[in-house]
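# How does the following fold in three dimensions:
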Amino acid sequence: MGSRQENKLLAGDILVVDDQPVILEDMRTHLEPIFGSIVGFSNPSEALRHLHSGERYAVVILDVVMAPLSGLEMLKLVHDIDPHARILMLTAHGSLGTAIKALQLGAVDYINKPVEDWAIVAASINRAKTERALQMQNEVLVNTLTEQNSKLNRTVSLLQTLTETSEMMHASRDVAKILNILVERACDVLAARRVSIMILDPDRREMAIQVAAGIKKAVLREVRVRPNEGIAGTVIARGEAIVVDNAATDDRVPDTEEGRYSSRSFMCIPIFLGKDKEDSKVIGVVNVTDRLLDRPFSDAEVEFVSHLARQAAFAMANAALWKSLPLVP
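All right, here's what the predicted structure looks like:
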């Protein structure tokens, strides 16, 4: 058996169920100095109600012979409530067959009573606690890896879509078609019901919606936004994206704009045109909102729209240049 200090490192609540109060007291006397608080029940039904209330224990120790539920019956019920619980069985000398049956049903060890060596009991509890801790750690690791794998797959999918969409836009010589490709792809990939592209008129110093999905035509004709006005105006003036997780609580969303969105999350991405960041200028914005599943945009999704907007700007510039070239006979 390890030192008391080593045992305390594995300390945690332990539940003991035995219909003999003297056994419960014996357990507390010998084990609480090592493991801390031990919760005991002499009635199996009360112990089950306690577990059903949400209480959880690293180790559950059950007496085999109890009423109104036997230890074997209770073992199954405890595992139904908490599959992670490590269960030890208290068995009288001479009941090896019952102990083996308990192990077959999911118990991790058994303790002979009356207990003659409490060090053996403490060691068994420590092993059970260590097993539970390792299992919980493994589940956390598996969940983390699963989540990371899901994010990686999503990122790969976004990159593939970005490449395909960029090729489609660069193959077009029609500015309206280029913008429509961007809107359609953003709606599809991000499961958004409303996407719009606003382009800045340098002479009037205002933006108007050029292409949109999910917005009535009457609204399209009316909307005009100047730099520093609202979300879109702020983005065009600063050249920085605004991504909002919750419009109701984000201080960047003006009260006049909060009711415009049927979803809490939205993004407004600047459209840059230029060879590099220093040489770029903002020519418009992409607005994405009203997702089918109202959840925040991931970093990868924001990057996807940002790169798509940049590619659209290059494609529009190329289309304009193509139209300005003289026809070659």
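# May I have the beta-bridge partners of Met207?
Leu200, Val225 (DSSP bridges).
# where's it relative to Met316, distance?
Noted for Met207: a distance of 15 Å to Met316, by CB to CB, to the nearest Å. For every residue, glycine as well, the C-beta is placed using N, CA and C.
# Check Phe35 too.
With distances taken as CB to CB, Phe35 is found 70 Å from Met316.
# His79 too?
Going from His79 to Met316 by CB to CB gives 63 Å.
# For the top helix by length along the chain, name the packing helices and strands.
Longest helix of the chain, by residue count under DSSP state H: helix 118-170. Helix 118-170 is packed against helix 21-35, strand 59-63, strand 86-92, strand 109-113, helix 175-190, helix 299-324, with contacts defined by 3 or more CB pairs under 8 Å, 6 or more residues apart in numbering; DSSP states H and E.
# Reformat those as a markdown table; add mean pLDDT and mean neighbour count.
Shown next, in a markdown table, are the helices and strands packed on helix 118-170 (pLDDT from 0 to 100; neighbours: other CB atoms under 10 Å):
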| stretch | mean pLDDT | mean neighbour count |
| --- | --- | --- |
| helix 21-35 | 91 | 16 |
| strand 59-63 | 94 | 27 |
| strand 86-92 | 90 | 23 |
| strand 109-113 | 88 | 20 |
| helix 175-190 | 94 | 20 |
| helix 299-324 | 86 | 18 |
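# so which of the ones you listed comes closest to Thr144?
helix 299-324 (17.3 Å; CB to CB).
# Sketch out the low-pLDDT regions of this structure for me.
Applying pLDDT under 70 to the chain flags the ranges 1-12, 93-94, 255-262, 275-279, 322-329.
# Wait, a strand at Leu83?
For residue 83 the amino acid is Pro, not Leu. No - assessed with DSSP: H, G, I helix; E, B strand; the rest coil, Pro83 is coil; it does not lie in a strand.
# Ala133 and Leu51: what is the separation?
The span separating Ala133 from Leu51 equals 19 Å under the rule CB to CB.
# More neighbours: which of those two?
It is Leu51, of Ala133 and Leu51, that has more neighbours when counted by other CB atoms under 10 Å, with 22 against 14.
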